[in-house]
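Student: What shape does this take:
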Amino acid sequence: MLRQFDIEIRNSQAAIEAGDFETAWVTMQRAHILGQAYFLPYAIAHWQMLKLALRQRDAREISGLSR
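Tutor: Residues are numbered from 1 along each chain as shown. Now for the predicted structure:
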């Protein structure tokens, strides 16, 4: 499961670099689900999602991820 988590995180980073934020969100959501059973991967997924929300100035996502 952690191998797939790493793949999803890498895919999300590649999507961000390509400017494909929709794909980045989808892959980060997958990573978030895959990492739920583990503290560090779960925290990494949240951090990556928060960084993207801040980059996009998405107040709804920022609020939800900051709780």
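Student: okay, now residue 19: neighbour count?
Tutor: Residues within reach of residue 19, counting by other CB atoms under 10 Å, total 8. To be clear about C-beta, it is placed using only N, CA and C from the backbone, and glycine gets the same treatment.
Student: Is it part of a helix or strand, or is it coil?
Tutor: Following DSSP: H, G, I helix; E, B strand; the rest coil, the label given to residue 19 is coil.
Student: Dead centre of this protein: give me the residue that sits there.
Tutor: Closest to where the C-alpha atoms of the chain average out (CA atoms, centre = their mean) is residue 28, at 3.1 Å.
Student: Secondary structure element for the closest residue to that one other than its chain neighbours, which one?
Tutor: The spatially closest residue to residue 28, leaving aside those adjacent along the chain, is residue 12, at 4.6 Å (CB to CB, 6 or more residues apart in numbering). In the assignment (DSSP states H and E), residue 12 maps to helix 2-17.
Student: still on that earlier bit, name all residues that make contact with the residue nearest to residue 28.
Tutor: 23-25, 27-28, 31, 48, 52 (CB atoms under 8 Å, 6 or more residues apart in numbering).
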